[in-house]
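S.K.: model this:
(one chain, ligands or ions: 1)
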Amino acid sequence: MKNSQPESQSSRRRFLQDSAVATAALGTLAIPGNVHADTGEVLKVGLIGSGGRGTGAASDALHADPQAKLTAIGDAFLDRAQMSLKSLQENKEIGNQVVVDHDSIFSGFDAYKKVIDQVDVVILTTSPHFRPQHLEYAVEQGKHCFVEKPIAVDAPGVRRVIETCKVAKQKGLSIVSGLCWRYDLGVRETMRQILEEKAIGDLVAIESAYNTGTLWHRGDKPEWSRMEYQIRNWLYYTWLSGDHINEQAIHSLDKTAWLLGDKHPLRATALGGRQQRTDKKYGNIYDHFTVFYEYPDQKRVYFTCRQQAGCSTHVDERVLGTAGQAEVLRHRLYDTAGEPMWRYQGEKPSMYRIEHEHLFKSIREGSPINNGDYMTNSTMIAIMGRMCAYSGQTMTWDECFNSDVTLGPAEYAWGDVEEPAVAIPGKTELA
Ligand SMILES: NC(=O)c1ccc[n+]([C@@H]2O[C@H](COP(=O)([O-])OP(=O)(O)OC[C@H]3O[C@@H](n4cnc5c(N)ncnc54)[C@H](O)[C@@H]3O)[C@@H](O)[C@H]2O)c1
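M.R.: Here you go, the predicted structure:
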């Protein structure tokens with residue numbers, strides 16, 4: 001987040017000039033950061049994918065910037081858009097910043113375009129499958145973006161987002177990622193202790209866990225097509241969520257990537273399967289994974305994630321160093337005898353709010369943030385774990401990253417879709 005720091009007037013002016021040059025060169029930029037750089041100007045915000053996180057992110061955005069207004073909302077389903085809008089309008093703190101006309105509530109597969117066309121800043125919080133398509137269009141239209149994790153469900157999607165983020169950089173647009181721990185003050189200081197102060201010496205390995213319980217299921221209705229059923233219950237379909245290693249446990253893999261300099265692993269070996277969620281209603285995702293990631297310099301990440309009821313839960317990274325150990329989420333460091341050495345005792349404001357404070361500040365100051373590198377790398381690491389577990393094969397980064405396997409239908413329509421098969425290691429090729 002270095003680039004989100006306030007800039008001097010002269011460097012800001014330079015940015016505005018550079019941005020204008022880039023605009024002229026690209027010829028498509030409608031609303032670069034400079035148009036809204038002046039404090040006080042209203043920034044129009046659009047929400048795409050108005051579920052739990054989207055509604056929360058819209059609220060965070062409006063809290064973060066009192067001059068921002070939510071002016072458009074879109075969801076695959078009208079009831080979801082209306083429910084979200086009602087809850088935002090009724091929010092006593094930011095309700096007066098919600099000014100969505102009846103004509104600016106959109107539903108369906110093309111709702112995203114209608115929202116993006118009307119606003120300056122977009123919040124992309126649908127199920128992950130749609131992120132590459134939505135982000136690409138937003139950047140084409142010159143919009144600043146808040147982009148929830150993960151940013152894709154397959155390697156072609158990751159590669160598409162990498163290209164989009166390059167264009168965003170050229171256009172001077174901000175791309176802030178929802179990998180929220182990067183914005184948490186306690187985690188940031190713990191990372192600084194490990195990475196900059198070298199408080200536990202050289203890093204040797206990381207034991208990383210996202211072992212948790214089960215999540216929601218939204219039921220079924222006779223009038224729902226199978227496409228509607230799958231999109232409403234998107235968590236359980238690999239083509240929509242990327243499986244829980246990608247959808248949820250990416251938070252852990254993102255911290256391990258951060259600890260290892262945001263490099264990518266060389267190879268991975270993984271196990272996984274489903275033991276509790278065997279019912280057909282749970283689509284085709286697994287309920288547990290174990291992945292061993294091999295990094296350069298003999299470094300290792302030993303990773304597990306589980307979504308099963310009635311089991312022990314644990315979410316954290318234990319970092320093993322030559323001079324001690326760290327627990328990242330607990331913000332604690334220990335010496336080689338296991339004695340506590342340090343713990344973070346500073347403030348803990350909401351990391352979700354901080355993300356948006358950085359985003360809006362970057363827009364107003366003309367100092368764009370681009371989280372593209374780490375959000376694409378961390379997503380690909382999660383997808384790599386899934387590919388190795390589903391196939392039962394040890395695979396290299398290059399094999400995974402260059403894969404042409406695209407998940408999901410070629411076109412979206414509200415009809416019947418195939419029930420995807422659960423992967424069987426040793427039999428399933430790549431998914
Ligand atoms: N950073 C975090 O801590 C955090 C927490 C929760 C969720 N998330 C992420 O946020 C995203 C959304 O999760 P959620 O919990 O809000 O799920 P949700 O199901 O509550 O919301 C997703 C919404 O997107 C809509 N949608 C699906 N496809 C769409 C399309 N093509 N166009 C428009 N709308 C579409 C759905 O109808 C739904 O209302 C996921 O990527 C998830 O991983 C991040």
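
S.K.: so what's the closest residue to Ser241 other than its chain neighbours up against?
M.R.: Using CB to CB, 6 or more residues apart in numbering and skipping residues adjacent in sequence, the residue nearest Ser241 is Glu247, 4.1 Å away. To be clear about C-beta, it is placed using only N, CA and C from the backbone, and glycine gets the same treatment. Shown in contact with Glu247 (CB atoms under 8 Å, 6 or more residues apart in numbering): Pro128, Pro150, Leu235, Ser241.

S.K.: What about the closest residue to the first one other than its chain neighbours, how many residues nearby?
M.R.: Okay, so that is Pro128. Spatially, and ignoring its direct neighbours in sequence, Pro128 is nearest to Pro150 (4.9 Å; CB to CB, 6+ apart). The burial count assigned to Pro150 is 33, neighbours taken as other CB atoms under 10 Å.

S.K.: One more: the one 3 residues further on?
M.R.: Val153 is flanked by 31 other residues according to other CB under 10 Å.

S.K.: I'd guessed it sits against Ala382; true?
M.R.: No. Assessed by CB atoms under 8 Å, Val153 is found out of contact with Ala382, at 9.5 Å.

S.K.: which residues do the two both contact?
M.R.: Gly242, Asn246.

S.K.: And the nearest residue to Ser225 once chain neighbours are set aside, how close does it get to Trp224?
M.R.: Closest residue to Ser225 apart from its sequence neighbours, by CB to CB, 6+ apart: Trp414 at 5.2 Å. Separation of Trp414 from Trp224 (CB to CB, to the nearest Å): 9 Å.

S.K.: Could you point out the helix or strand that follows whatever helix or strand Leu62 lives in?
M.R.: For Leu62, the host element (DSSP states H and E) is helix 52-64. Downstream of helix 52-64, the first helix or strand assigned by DSSP H and E is strand 68-75.

S.K.: So is the helix or strand following that following strand next to the ligand?
M.R.: Next helix or strand after strand 68-75 toward the C-terminus (DSSP H and E): helix 78-89. Yes. Shown here: helix 78-89 in contact with the ligand (CB under 6 Å from any ligand atom) through Arg80.

S.K.: Quick one: name the residues of the stretch 151-300 of the chain near the ligand.
M.R.: Contacts of the stretch 151-300 of the chain with the ligand, taken as CB under 6 Å from any ligand atom, map to Gly178, Cys180, Ile231, Glu247.

S.K.: show me the contacts for the first one.
M.R.: For Gly178, the residues meeting the contact criterion (CB under 8 Å, 6+ apart) are Arg53, Ala57, Thr125, Phe146, Val147, Glu148, Lys149, Glu355.

S.K.: tally of neighbours for the third one?
M.R.: So the one you mean is Thr125. 27.

S.K.: Got the confidence number for it?
M.R.: Looking at Thr125, its pLDDT is 98.

S.K.: unless I'm mixing things up, it is touching Ser59, no?
M.R.: No. Judged on CB under 8 Å, Thr125 makes no contact with Ser59 at a distance of 11.9 Å.

S.K.: Could you export stretch 138-158 as CSV, CA atoms only?
M.R.: C-alpha atoms of stretch 138-158 as CSV (Å, rounded to 0.1, in the frame of the first residue of the first chain):
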residue,chain,number,x,y,z
ALA,A,138,-15.0,-2.0,-15.7
VAL,A,139,-11.4,-1.2,-16.7
GLU,A,140,-12.4,-0.9,-20.3
GLN,A,141,-14.9,1.7,-19.3
GLY,A,142,-12.3,3.5,-17.2
LYS,A,143,-13.7,2.8,-13.7
HIS,A,144,-11.9,2.4,-10.4
CYS,A,145,-12.6,-0.9,-8.7
PHE,A,146,-12.9,-2.7,-5.4
VAL,A,147,-12.5,-6.4,-6.3
GLU,A,148,-13.5,-9.1,-3.9
LYS,A,149,-11.3,-12.2,-3.6
PRO,A,150,-10.8,-14.6,-5.3
ILE,A,151,-10.5,-13.0,-8.7
ALA,A,152,-11.1,-16.1,-10.8
VAL,A,153,-11.8,-19.8,-10.6
ASP,A,154,-9.4,-21.1,-13.3
ALA,A,155,-6.0,-20.3,-14.9
PRO,A,156,-7.5,-18.6,-18.0
GLY,A,157,-9.5,-16.4,-15.7
VAL,A,158,-6.3,-15.5,-13.7
